[in-house]
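Colleague: Okay, predicted coordinates and the sequence, questions at the end:
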Amino acid sequence: MPTRWTPRLATKPHDAIINVIGSQSPTCFAPRAETTPKTRTRHRAQTDCLKRLESEGPVHIDCAHIAHGWLLQLFVKKKCHSSKMCELLPPSFQNPLKSLPTAALSPPLFSLVLPLLLFIGDPPSLQTSTSKMPSPYDGSSFSSLSLVPVLEAEHHRVFYTHDKVWLFAKKFHAQPKHHYGHHVSHKGGYSVYFDTKEKKWSEVVVYNSLLDINEEDVEEAFFLHDGHIVVLLYSHFDGITLKQLAVFDENERQFTLWEPFDENKFGLKAETTENIKQHLALADGLTKDGSKIIVANVDDTINLFKLSIDFSSKQAQLTPAGTFAPETRPWANHLFPIRAAVSNDDHVIVEVMNPLMCSPTWVPEYVERYPIASTDETPTPEKIEIEGERPPWRFIGARTTAVEKPGVWLHATGNTQKGMTGTVFNGQIWRLVDADTPKPKWEKVIFLEVPPVDQYPEVAIDATSRSLFVVDRQHGLFRTTLPE
């Protein structure tokens with residue numbers, strides 16, 4: 001039985017509560033003898049919060065947070081076990097509080113104790129709050145769906161399928177053998193989803209590592225295919241080896257590994273040392289026969305593979321779809337693919353990254369176009385220049401991409417450069433239109449931008465419903481419709 005727990009919804013950081021408790025030591029509702037207009041106003045606001053909680057329950061997020069801190073003090077100092085307000089505390093709060101020494105309430109010690117207490121049990125429900133904190137999303141085209149649970153991982157993969165917004169934890173794992181490290185999901189983590197129909201979050205469910213957790217040289221490419229959440233596992237040091245697929249079962253909340261690929265047949269050996277990272281991009285979109293396209297770069301040679309998936313038989317088939325030696329792309333010395341998209345049934349377009357600049361960065365000035373399974377004796381790729389205004393992102397470019405419709409490749413949010421290596425979030429949305437023609441161009445989606453925030457949000461795109469979802473851990477879960 002996998003580990004499960006119910007997440008607690010996030011509101012404001014607990015610093016607000018700590019400041020209230022750490023700076024004051026009230027006796028129930030009695031204000032200090034020495035007060036100022038500022039403290040008297042604060043006392044009145046907090047007293048009003050408690051009175052409202054006593055009669056109405058947690059109707060306001062601010063009030064619920066402040067009251068949590070005050071009720072903890074009331075419970076310990078006045079032993080008001082029978083108070084209706086104190087009954088709002090979950091039982092799991094009460095047991096440790098009964099044995100908590102009064103000295104723990106003195107600042108600054110209480111400021112250290114309180115954060116631990118806040119994670120012991122479930123607070124009063126905040127899902128029924130009738131008001132919310134001011135948000136940079138207010139007044140925008142984004143509609144609020146919910147607050148976001150307090151989750152362990154700082155980074156998540158986000159997908160939308162079957163009316164659910166799914167989050168999968170990404171955790172950092174070192175690769176000391178290769179002097180490297182990465183944030184991945186396949187080495188074990190958890191999943192949680194928001195049901196857009198039921199308007200509520202699921203339990204958090206833990207899943208195990210898909211492969212040996214000590215195996216360093218395994219990378220992952222997550223993607224949606226026919227409504228299923230799938231991950232391609234591969235190695236990318238000392239060459240690229242396509243290992244196997246794992247498919248997520250939404251009911252069991254676990255991944256199932258499929259039959260491994262033949263590594264002798266689908267392993268691309270590098271001539272360089274094993275500590276040199278090679279690069280792979282899984283193309284957005286599908287060919288007409290429903291296949292995914294894999295773009296693998298080893299020692300500047302581009303290799304294409306078609307990946308066909310049959311969920312009914314739990315079988316996946318790889319087929320070589322083209323090899324392009326470095327001399328066929330002389331413009332791209334040491335440039336490697338960072339993302340790709342199927343432009344039509346015959347070609348895949350590829351965006352590259354330049355690792356030779358002071359700050360390795362995505363190249364928006366052109367795309368490379370490769371024929372898929374060409375019957376030509378010597379198939380050659382093309383370099384297609386893109387004129388006009390371009391997205392301002394640096395480093396990896398767009399954080400999320402999707403084929404919106406034939407010839408239109410959507411790019412959502414990214415980072416702009418600050419100083420030599422710093423970044424600033426940029427929530428612009430861009431389309432590469434006429435992507436399957438000799439003259440593609442960038443078009444900025446006007447009147448739609450993810451607001452600037454302190455913590456980088458995560459984005460999911462559903463091309464079928466033209467929906468864009470934003471998971472902002474500080475402000476909540478939001479949804480908007482992409483304009484035509």
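Modeller: Structure received.

Colleague: can we go C-alpha only for contacts and neighbour counts from here?
Modeller: Will do.

Colleague: wait, is G322 part of a strand?
Modeller: Yes - counting by DSSP: H, G, I helix; E, B strand; the rest coil, G322 is located in a strand.

Colleague: Now for it: which residues touch it?
Modeller: Contacts for G322 (CA atoms under 8 Å, 6 or more residues apart in numbering) come out as N303, L304, F305, P371, I372, A373, S374.

Colleague: ok, so of the residues you listed, who is nearest T6?
Modeller: Nearest to T6, judged by CA to CA, of the contacts of G322 is F305 at 41.3 Å.

Colleague: one step back: and the contacts of G322, which of them are buried?
Modeller: For these, a burial check counting by 16 or more other CA atoms under 10 Å picks out N303, L304, F305, P371, I372, A373.

Colleague: Can you flag which of those belong to strands?
Modeller: Within the buried ones among the contacts of G322, residues falling in strands by DSSP state E are N303, L304, F305, P371.

Colleague: Reformat these into CSV and put pLDDT and distance to E259 next to each item.
Modeller: Output for these, formatted as CSV (pLDDT from 0 to 100; distance: CA to CA, whole Å):
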residue, pLDDT, distance to E259
N303, 94, 22
L304, 96, 21
F305, 95, 18
P371, 94, 29
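
Colleague: Reformat the residues you listed as JSON lines; add distance to L318.
Modeller: Formatted as JSON lines, these follow (distance: CA to CA, whole Å):
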{"residue": "N303", "distance to L318": "12"}
{"residue": "L304", "distance to L318": "10"}
{"residue": "F305", "distance to L318": "6"}
{"residue": "P371", "distance to L318": "17"}
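
Colleague: Kindly indicate which of those residues lies nearest T196.
Modeller: Ranked by distance to T196 (CA to CA), those are led by F305 at 35.7 Å.

Colleague: so who does that closest one touch?
Modeller: So F305 contacts I293, I294, V295, L318, T319, P320, A321, G322 (CA under 8 Å, 6+ apart).

Colleague: What's opposite it in the beta bridge?
Modeller: In this entry, F305 is beta-bridged to I294, P320, by DSSP bridges.

Colleague: now swap in the one 10 residues further on and tell me
Modeller: Applying DSSP bridges to Q315 gives these bridge partners: D310.

Colleague: That one: neighbouring residues, count only.
Modeller: Q315: 13 surrounding residues under other CA atoms under 10 Å.

Colleague: Next: F222.
Modeller: Neighbourhood size, F222 [other CA under 10 Å]: 19.

Colleague: Does it touch V231 like I think?
Modeller: Yes - in this structure, F222 is within contact of V231 by CA atoms under 8 Å, at 4.3 Å.

Colleague: if we can go back for a sec, just the buried ones from the contacts of F305?
Modeller: For these, buried by 16+ other CA under 10 Å: I293, I294, V295, L318, P320, A321, G322.

Colleague: Need the residues you listed in a markdown table (columns: distance to V247 and pLDDT).
Modeller: What follows is those, written out as a markdown table (distance: CA to CA, whole Å; pLDDT from 0 to 100):
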| residue | distance to V247 | pLDDT |
| --- | --- | --- |
| I293 | 18 | 96 |
| I294 | 17 | 97 |
| V295 | 21 | 97 |
| L318 | 16 | 95 |
| P320 | 22 | 93 |
| A321 | 24 | 94 |
| G322 | 27 | 93 |
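
Colleague: Closest to M353 out of these?
Modeller: Using CA to CA, the buried ones among the contacts of F305 come closest to M353 at V295, 13.8 Å.

Colleague: The closest one and I338 touch, don't they?
Modeller: No - V295 is beyond contact range of I338, at 9.3 Å (criterion: CA under 8 Å).

Colleague: Let me have the buried ones among the contacts of F305 in TSV, extended by distance to S202.
Modeller: Output for the buried ones among the contacts of F305, formatted as TSV (distance: CA to CA, whole Å):
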residue	distance to S202
I293	33
I294	33
V295	36
L318	35
P320	41
A321	41
G322	43
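
Colleague: From the residues you listed, pick the one nearest F395.
Modeller: Minimum distance to F395 across the buried ones among the contacts of F305 is 19.7 Å, recorded for V295 (CA to CA).

Colleague: The closest one and T423: what is the separation?
Modeller: 28 Å (CA to CA, to the nearest Å).

Colleague: again with A325
Modeller: A325 is 35 Å from T423, by CA to CA.

Colleague: ditto for E198
Modeller: Distance from E198 to T423, by CA to CA: 37 Å.

Colleague: Look at these two and report which has more neighbours.
Modeller: Neighbours of E198 and T423, each counted by other CA under 10 Å, are more numerous for T423; the result is 15 against 9.

Colleague: If you drop the residues flanking it in sequence, what lies closest to the more buried one?
Modeller: Leaving out its chain neighbours, the residue that sits closest to T423 by CA to CA, 6 or more residues apart in numbering is Q417, at 4.7 Å.

Colleague: Please tell me the pLDDT value assigned to the one you found.
Modeller: The model reports Q417 with a pLDDT of 86.

Colleague: number of nearby residues for it?
Modeller: 17.

Colleague: and it, what does it touch?
Modeller: W393, R394, F395, T423, V424.

Colleague: Most neighbours among those, which one?
Modeller: Highest neighbour count within those: W393, with 24 neighbours (other CA under 10 Å).

Colleague: How about the contacts made by it?
Modeller: Contact analysis of W393 by CA under 8 Å, 6+ apart lists W362, G414, N415, T416, Q417, N426.

Colleague: out of those residues, who's nearest L286?
Modeller: W362 (23.5 Å).

Colleague: And the pLDDT for that closest one?
Modeller: On pLDDT, W362 comes in at 92.

Colleague: Please apply the same query to the one 4 residues further on.
Modeller: If you check Y366, the pLDDT there is 95.

Colleague: what about it, neighbour count?
Modeller: 16.

Colleague: how about it, phi and psi?
Modeller: The phi/psi pair for Y366 (degrees, to the nearest 10) reads phi -160, psi 160.
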